[in-house]
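Student: I'll drop the sequence and a predicted model, then ask my questions.
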Amino acid sequence: MGEKSVLTVSDWYRQLGVSAHKPFLAGLPSHSTEYFAAVWPDIAGDPAYSFALHADGVGTKGVLTYLWWRETGDLTLWHKLAQDALVMNTDDLACSGIVEGFVFSTTLTRNPFHIPDEVVRAIIEGVYAFVQQLETWGISARVAGGETADMPDVVRTLGVEATAAARCPANQLLPLRRPEKEVLIIGLASYGQATYETEYNSGIGCNGLTAVRHLLLHPTYAQRFPESVSPEHPHPYQGRYLLSDRIGEHPLGYLLTSPTRTYLPVLRAIYAAYRTQLYAVIHCTGGGQRKALKYLPSTYIEKEAFLPLPPLFAALEGARPWRDLFATLNMGHRIELYVEPTVAEEIIAIAQEQGIAAQVIGRAAPKEGPTEMHVSFREEQWVWQAES
């Protein structure tokens, strides 16, 4: 077994021009961490309700969609990107207990020299199509419009961002609770095909795509599509794969553009039965498997029984140390639940009934001092500490 070491945040991702942990935001005003997403008093003044507003987007997944669209001509890829933008908001809000009543607004910025009008139309169609899908699942949602902007001097290809707002009965909220005793951590797979999905999902989600893109894709993409990479980037596209290469049963392009899975149907079912037995629900997005460090104070967290790596994440083996990949990507589970041990089996069963692999991946317990996370994967072990 490898020797344990306490690791600071690596600067390898920063060298790609992005930051998974955003230390430069330290000290700025922010919402409290009572809930995973920001929750406020009701905008209508009803003390029985609360109000939440959340903003997020697709990051550089739009670049991957652009590349795969250029190779295939498939406009439906942009529908998937629209789902990405909405789900990155709904599933953060769901970690605070909000699983319905969403109102969306989207902002699409593009370089019209590379992104034609039919792509803009396809993305907007995708927004409405996903909202309609939510409605068929019994999850109320509406689109309040949005903004499109042509910005060729600012945007190299395109950006898609969304804002989601919701009112929620205050008694349905899910506050973060530091465990006062040992609890179990359940991981819900980001990959596979849930009963409410129509195709296989690679699990990639919408975080860490700058790393994945440059670690996997062949340097030829910098020559073929120079608009897909910043000219300041020192070493773009360092990988060995073409998007048409198959990883397991699917082309890499298909895997990299899988839409971000929403966990709304399964979380709604879990909350209905076991809301009071949950200490925290964490969306492992920016910062990957480190995410819980930000939300649970003075807690010992141990993760040692991860779900099997799906093919896309397995293809990254050797491209970076595992600790860097786990600090950037979800690596197979994008939602983790901190639960009373007595209900763990029942919660896992709810997920499995909906076609989502789930298992106990670790445990958490109170401790003195800063939160600390001990991670074991294959023959490696490492320790992360919460940043002060």
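Tutor: Great, that's in hand.
Student: Give me the distance from stretch 219-232 to the chain's centre.
Tutor: Relative to its parent chain, stretch 219-232 has a centroid offset of 26 Å by C-alpha atoms, centre = their mean, to the nearest Å.
Student: Give me the contacts around that stretch.
Tutor: Here stretch 219-232 makes contact (C-beta atoms under 8 Å, 6 or more residues apart in numbering) with 17, 63, 66-67, 70, 111, 114, 156-157, 236-238, 242. Bear in mind the C-beta positions are built from the backbone N, C-alpha and C, glycine included.
Student: what about burial for the residues you listed, which qualify?
Tutor: 63, 66-67, 111, 114, 156-157, 236-237 (16 or more other C-beta atoms under 10 Å).
Student: Narrow those to those in helices?
Tutor: 63, 66-67 (DSSP state H).
Student: Redo these as TSV? Include distance to D324 and pLDDT.
Tutor: Below are those laid out as TSV (distance: C-beta to C-beta, whole Å; pLDDT from 0 to 100):
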residue	distance to D324	pLDDT
V63	21	97
Y66	26	98
L67	24	98
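Student: Closest to T210 out of these?
Tutor: V63 (8.5 Å; C-beta to C-beta).
Student: What distance do you get for that closest one to V155?
Tutor: 11 Å (C-beta to C-beta, to the nearest Å).
Student: try T328
Tutor: From T328 to V155 the distance is 24 Å (C-beta to C-beta).
Student: Same check on H333?
Tutor: In this view, H333 and V155 are 32 Å apart by C-beta to C-beta.
Student: who has more neighbours, these two?
Tutor: H333 (24 against 19; other C-beta atoms under 10 Å).
Student: ok, and the closest non-adjacent residue to the more buried one?
Tutor: Spatial nearest neighbour of H333, chain neighbours left out: G187 (3.4 Å); criterion: C-beta to C-beta, 6 or more residues apart in numbering.
Student: give the contact list for that neighbour.
Tutor: 306-307, 332-333, 335-336, 358-361.
Student: Okay, and it sits in which element?
Tutor: Remark: G187 resides in strand 183-189, with elements defined by DSSP states H and E.
Student: Just the C-alphas of that strand, formatted as CSV.
Tutor: The C-alpha trace of strand 183-189 is given here as CSV (Å, rounded to 0.1, in the frame of the first residue of the first chain):
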residue,chain,number,x,y,z
VAL,A,183,-22.5,7.7,9.3
LEU,A,184,-22.2,6.0,6.0
ILE,A,185,-21.5,7.6,2.6
ILE,A,186,-23.5,6.2,-0.4
GLY,A,187,-22.4,7.0,-4.0
LEU,A,188,-24.9,7.1,-6.8
ALA,A,189,-23.3,6.2,-10.1
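Student: in its sheet, what does it sit against?
Tutor: strand 333-339 (antiparallel), strand 358-366 (antiparallel) (DSSP bridges).
Student: Tell me the buried residues in the longest one?
Tutor: Applying a neighbour-count criterion of 16+ other C-beta under 10 Å, one finds 358-364 buried in strand 358-366.
Student: Sort out which one of the residues you listed lies nearest A52 for me.
Tutor: A364 (25.0 Å).
Student: Okay, buried residues for stretch 231-240 please.
Tutor: Within stretch 231-240, judged by 16+ other C-beta under 10 Å, the buried ones are 236-237, 239.
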